[in-house]
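A.B. asks: give the three-dimensional model of this entry:
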Amino acid sequence: MKRSVVTLLLFIIFFVQAVPCTSVIISGKYTPDGRPLMWKHRDTQAFDNKLVFINDGKYDAIALVNSGDADAERIWIGFNSAGFSVMNTLSYNIEGDGANNGRFMREALMECETVEDFERFIEDYPQPRNVRSNFGVIDAQGGAAFFETGHYTYTRFDADDKRVAPHGYIVRTNFSFDGEWNEGAGYIRYGTAENMFYRASGEGNLSLQFLLEEVLISLENWYTGHNARVNMPPESQDNFVYFQDYINRFTSTSSLVVQGVKEGESPLLTAMWSMVGFPLGSVAIPVWLTPGGHLPETVTAPGGENSEICDYALEVKDIMIPSRRGSTQYYINTTKVFNSDNTGITQQLLEVTRNIYNMTNEKTNQWRIDGRPDEREVKELYDAYDRMVREAYGNILGR
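C.D. replies: So this is what the prediction gives:
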């Protein structure tokens, strides 16, 4: 009996350490361009990730999956052709076990069009639901909400409800506000994200660009006050920092932002900006749903294969975190990420993200006038993204 209890406790401790995601939803009423945003920074021991096109439900969809999940049975963030998007962070202070989280989101993505649809989906789902998550959703009608959901209960939090989101955004990590007090995980990451979004809201900058250039590649710790992008040492000076309580940490595997649409815009203008693979070593690449289900070659792969960009990101991760002996895997050499010479790997890749962002804006501005993305132009952009990504990693890795 004692051995069983110890085994269970060890499993719980490992599981808490293994899945520490960070997320936010932002109401379109508070973003500069009026479009809602949904961000998930994924942490898991499944380091190999990719994007896939799914077309076996009521709606077509694009989603992030573990690379070995050849049939995309479980998704971890995604959006569909109705403009509905869903994500989660595992919660450790509400009832439930989380075994069904990925399947639950896949089913919702195939069926739901609005936030209200998702609430009905939760209510009608057979109990116990075998979920234990803060589910974040946005839709094409301006809805943006979190649902703290367990086996039998759920609580809804709307991003445009000033009582729970006075600045138009809601942050969630690995605890639920309606759960057990002072239980759960991710309090330091919550504080870091909350501080970043609070500052941005005061500056009127709850924008896609802020997320891509600051949040997804954050190496900041609210509790200690350390920020690797402030007072950076030169490239020649190693600077190892224990970073397990940062948004980016050893188990970070992808970071993605769904940019929704304004009311009246085509849901097909919904885009998911995707840093697939270790985010500090990846590039943000946008994707849209097209009739042909096209994706950039570098972010997807057939069957159980891994995506090309994820392989690149894992390779440069080994440069940033060169040791795996004992706890050394939790120490990152920050000068390989950011340095005063502006030669850090993340700094170099950030320039690629910025170039992609600027190039993409030229097209999306026209698509919003036309009413929907042009499939031929989408494919041309994807080809350009692939070339830019391969060239950047070739330069960084000396190939």
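
A.B. asks: pLDDT below threshold where in the stretch 1-150 of the chain?
C.D. replies: Within the stretch 1-150 of the chain, the set of residues satisfying pLDDT under 70 comprises 1-19.

A.B. asks: one more pass at 50, please.
C.D. replies: Scanning the stretch 1-150 of the chain for pLDDT under 50 picks out 1-17.

A.B. asks: please spell out which residues along whichever strand or helix holds Tyr382 are buried.
C.D. replies: Counting by DSSP states H and E, the element that carries Tyr382 is helix 375-397. Using 16 or more other Cβ atoms under 10 Å as the burial criterion, the residues of helix 375-397 that qualify are 378, 381-382, 385-386, 388-390, 392-393, 396. C-betas here are computed from N, CA, C, even on glycine.

A.B. asks: repeat that for stretch 177-190.
C.D. replies: 177-179, 184-186, 188-190.

A.B. asks: quick one: it to chain centroid distance?
C.D. replies: 19 Å (Cα atoms, centre = their mean, to the nearest Å).

A.B. asks: swap in stretch 165-184?
C.D. replies: Here the centre of stretch 165-184 is set off from its chain's centre by 17 Å, with Cα atoms, centre = their mean.

A.B. asks: end-to-end on that stretch?
C.D. replies: 21 Å (Cα to Cα, to the nearest Å).

A.B. asks: now do that stretch: everything it contacts.
C.D. replies: 16, 19-27, 29-31, 89-94, 134, 136, 146, 148, 155, 157-160, 164, 185-187, 189-190, 193-194, 197-198, 201, 206 (Cβ atoms under 8 Å, 6 or more residues apart in numbering).

A.B. asks: where along the stretch 201-350 of the chain do the strands fall?
C.D. replies: Along the stretch 201-350 of the chain, counting by DSSP state E, counting those that start in this stretch, strands occupy 220-221, 226-227, 240-242, 252-259, 271-276, 285-287, 331-333.

A.B. asks: of those, which is nearest Phe210?
C.D. replies: Across these, Phe210 has its closest neighbour in strand 252-259 (10.1 Å, Cβ to Cβ).

A.B. asks: partner strands of that closest one, parallel or antiparallel?
C.D. replies: Looking at strand 252-259 with DSSP bridges, its partner strands are strand 37-43 (antiparallel), strand 271-276 (antiparallel).

A.B. asks: tell me which residues in the last one are buried?
C.D. replies: Right, the one you point to is strand 271-276. Within strand 271-276, the residues that count as buried by 16+ other Cβ under 10 Å are 271-276.

A.B. asks: that older thread, need the CA coordinates for the helix holding Tyr382. CSV is fine.
C.D. replies: Extracted C-alpha coordinates of helix 375-397, given in CSV (Å, rounded to 0.1, in the frame of the first residue of the first chain):
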residue,chain,number,x,y,z
GLU,A,375,-5.2,30.5,-51.9
ARG,A,376,-2.5,31.1,-54.5
GLU,A,377,-1.0,33.9,-52.5
VAL,A,378,-1.1,31.9,-49.3
LYS,A,379,0.9,29.1,-51.0
GLU,A,380,3.4,31.7,-52.3
LEU,A,381,3.8,33.1,-48.8
TYR,A,382,4.3,29.6,-47.4
ASP,A,383,7.1,29.0,-49.9
ALA,A,384,8.7,32.2,-49.0
TYR,A,385,8.5,31.4,-45.2
ASP,A,386,10.1,28.0,-45.9
ARG,A,387,13.0,29.6,-47.8
MET,A,388,13.5,32.2,-45.1
VAL,A,389,13.5,29.6,-42.3
ARG,A,390,15.9,27.3,-44.0
GLU,A,391,18.3,30.1,-44.9
ALA,A,392,18.3,31.4,-41.3
TYR,A,393,19.0,28.1,-39.7
GLY,A,394,21.7,27.4,-42.3
ASN,A,395,23.5,30.5,-41.3
ILE,A,396,23.1,29.9,-37.6
LEU,A,397,24.2,26.2,-37.8
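
A.B. asks: noted, bye for now.
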